[in-house]
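Engineer: Give the three-dimensional model of this entry:
(chains A and B)
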Amino acid sequence: MKHSFLRGSLLLLALLVGGCASGPQSLPHADSQDESQAQPANYPEPVFAANRIVPAGSISITTVYDPWEGMNKRIYNFNYHFDQWVFLPVVRGWKAVVPSPARTGVHNFFENFRDVRTMANSILQASPTKLAQSTGRVLINSTIGLFGLIDVATSMGMPKPDEDFGQTLGHWGVGTGPYLVLPLLGPSNLRDGLGELPDLVLQNYIQGDLLAKPLRATAFLFDSIDTRANTSFRYYETGSAFEYQTVRWLYTTKRELDVEK
Amino acid sequence: MTIANVLQRSLAGLCLLLLATFASATVTVENYGYPIKDRFVATVVGTPEGYEAKLPKEIPTKKRWLNVFPERHLPDLIWYGQEMIYSETLQDHPAPLIFLIAGTGAAYNGGKNVNMARAFYKAGFHVVSLSSPTFPNFVTSASTTGVVGHSEKDAEDLYRVMEMIWKRLDGKIDVTSFNLTGYSLGAFNSAYVAKLDEERKSFNFRKVLLINPPVSLYSSISLLDRMVENIPGGEDNFNEFFDKLVKAFSKIYKEEDDIGGDFLYQAYKAMDLKDEELAALIGVSFRMSSGSLVFTSDVMTDFGYVKPKGLVLDRYADLTVYNQVMSRLGFTDYYHDFFYPFYKADYPDMSRDEFISAISLREIADYLRNSPKITVMHNQNDVILEPGEIEFFNEVFGDRATIYPYGGHCGNMNYTENVAHMVATFTEGAQ
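Structural biologist: Now for the predicted structure:
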């Protein structure tokens, strides 16, 4: 899901704003700044001070409800360090040791389980079309595709809907709640974060039926490595001081569209 | 002055103009196959699938970090910007090396740089890809002053990192010649870097190609700044405008199963945007990238542009208010109220206008005119040029300028013919 999030977001950004680094914060509300944002009086006024530049009474379209921003930014920072010291070195090792066709096989294998997740959520969303599409994919890839190692369905041009429990909740009108940066997993919100749990339980249940116990533990590990390997996002590499806000807005917009899709 | 005189003079002028036009390799409308005629559409959408050059997807690109100023101590808010990030894609045999410089606000690994790296790697070049000096990571790690947009100073900063990178590579790879190219602002930088190389002689560039450069930086920036005025109902209606775009996008997104490949072009067609709306998009995009650049400079230098001087922000600080202010400011504001005051003391004899208008290729026109190694490819309908500015290239570069009839600003860079042209510029006559 993460890499498709990124791809979708990037395309969205490319189309809407020409593909650049930071998010627009426009038509902000000067009077609504709470005390933590107000300039302390003992500093000289900058050339362009907010109280002169930003018109009062307007709200920014890119604002996202983020009452836990302080905590979120710390987790964001933690994720960067985890990336640097653990995740990315492991991914590099993975790419160095495992040849590309084998990595593709592993990727397809886990994607097949995501199709199962989409099946389950399509039922919960009462969507026969997506259910038929995802079921068709799972049937073909699990048989002709040798237990999901080969993505025959995509080669045949079968559409790949992507539904998770967060979207299912959204589909039935559950709001996103506050923005949330999850440890290791990155951008999310309260709804989608909680939604990860039933999806995880489902995946464990299916894999439990199919795989022996030690294999199940390693499967989880390899799934994580595969996901990171296929996610090109790197924390702080846009270089923009506004990166956190931009990612927050992109994620939120992308998920809104996903729920509607 | 007699009528005959006037006639004679204007005839002479006309002849000169015609000569200039004929001498430069203007590609005629009929024989150019890039499909998008509209300059704004071309700029936003680029090259549709089927018209793109066929290039290898997988090339052995390695990301590298360079600690240009080890003594530098960055403010906590931009703690991550100490080392400059760039990439190299190397051949395993002796080959010419080419440096790529990205355009305004773009990273070493932006789409256009990646595509060029593919093309040049395929053609047998070692490729080193650099970010624009206006990319925040370059500002924090490789800019001497932290205040970029200065023709000579940016060139010197670029030259320094190119020398450092070559020092790393020297002995590791065999290089038969050094070459240089860049697009947009990166092309502008390339011209000044080439000039600097004539004095420093570290590389003795064999060929330099400028792709869609501005002539005067300030006039191009003014054009881009003014594009936000195209937001229907003005800037204060930005929310409605943006909301409409997201809704239109959402509709297409829902109908589309695979959002790869040609999606952008399909989405554009389905969204049915007007030229003004596309111009507004370009303007907003430019404002966003210039906003994060200028804020980075402000934090780094503690200039007091939007952040109060002396106020220390840590890495977890809430930046909402600064983002809001930056979104209301243009890049021209930066030149007037940050850039000029910052450098004023170094140029006591120049007025603000003189100083700003000196950031132009016109300043080095004589050098460009007499440097056969430097060539230009540009588009007749580039959106960052004032009317008539394109003539500068015909006049100065003569037959070393190729002007394509369409393509907007860099929209045709991935088109088969343009990619072939880029590569041929560097392969012709090479050993």
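Engineer: average pLDDT for the helix or strand in which residue A:134 is found?
Structural biologist: Using DSSP states H and E, residue A:134 sits in helix A:128-143. Throughout helix A:128-143, pLDDT has a mean value of 84.
Engineer: What is that helix packed up against?
Structural biologist: Judged by 3 or more C-beta pairs under 8 Å, 6 or more residues apart in numbering or on different chains; DSSP states H and E, the packing partners of helix A:128-143 are helix A:100-124, helix A:152-155. For every residue, glycine as well, the C-beta is placed using N, CA and C.
Engineer: Look up the pLDDT of the most far-flung residue of chain A relative to its centre for me, please.
Structural biologist: Computed with C-alpha atoms, centre = their mean, the residue of chain A farthest from its C-alpha average is residue A:42, at 41.5 Å. What the model reports as pLDDT for residue A:42 is 80.
Engineer: what's the spacing between it and residue B:314?
Structural biologist: Note on residue A:42: its distance to residue B:314, by C-beta to C-beta, to the nearest Å, is 18 Å.
Engineer: domains of chain B?
Structural biologist: B:39-222+B:352-427, B:228-346 (automatic domain parsing).
Engineer: From the opening residue of the last one to its closing one, how far?
Structural biologist: Right, domain B:228-346. 33 Å (C-alpha to C-alpha, to the nearest Å).
Engineer: What's the mean pLDDT across it?
Structural biologist: 81.
Engineer: immediately after the biggest strand by length in chain B, which helix or strand?
Structural biologist: As assigned by DSSP state E, the longest strand anywhere in chain B is strand B:175-183. Sequence-wise, the next helix or strand downstream of strand B:175-183 (DSSP H and E) is helix B:185-200.
Engineer: which secondary structure elements does that next one contact?
Structural biologist: strand B:95-101, helix B:151-169, strand B:175-183, strand B:207-211, helix B:365-369, strand B:374-379.
Engineer: The longest strand of chain B near chain A anywhere?
Structural biologist: No - Strand B:175-183 stays clear of chain A (C-beta under 8 Å from any C-beta of the partner chain), getting no nearer than 14.1 Å.
Engineer: hey, C-alpha coordinates of that strand in PDB?
Structural biologist: The C-alpha trace of strand B:175-183 is given here as PDB (Å, rounded to 0.1, in the frame of the first residue of the first chain):
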ATOM      1  CA  VAL B 175      37.500   9.800 -18.300                       C
ATOM      2  CA  THR B 176      38.200  10.700 -21.900                       C
ATOM      3  CA  SER B 177      36.600  14.200 -21.700                       C
ATOM      4  CA  PHE B 178      34.500  16.400 -19.500                       C
ATOM      5  CA  ASN B 179      31.100  17.700 -20.600                       C
ATOM      6  CA  LEU B 180      28.300  19.700 -19.000                       C
ATOM      7  CA  THR B 181      24.600  20.300 -19.500                       C
ATOM      8  CA  GLY B 182      21.600  21.600 -17.500                       C
ATOM      9  CA  TYR B 183      18.000  22.600 -18.100                       C
END
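Engineer: least trustworthy helix or strand in chain B by mean pLDDT?
Structural biologist: In chain B, no helix or strand scores lower on mean pLDDT, DSSP states H and E than helix B:3-23, which sits at a mean of 44.
Engineer: any idea how far the helix or strand following it is from the chain center?
Structural biologist: Using DSSP H and E, the helix or strand that directly follows helix B:3-23 along the chain is helix B:39-45. With C-alpha atoms, centre = their mean, to the nearest Å as the basis, helix B:39-45 stands 15 Å off its chain's centre.
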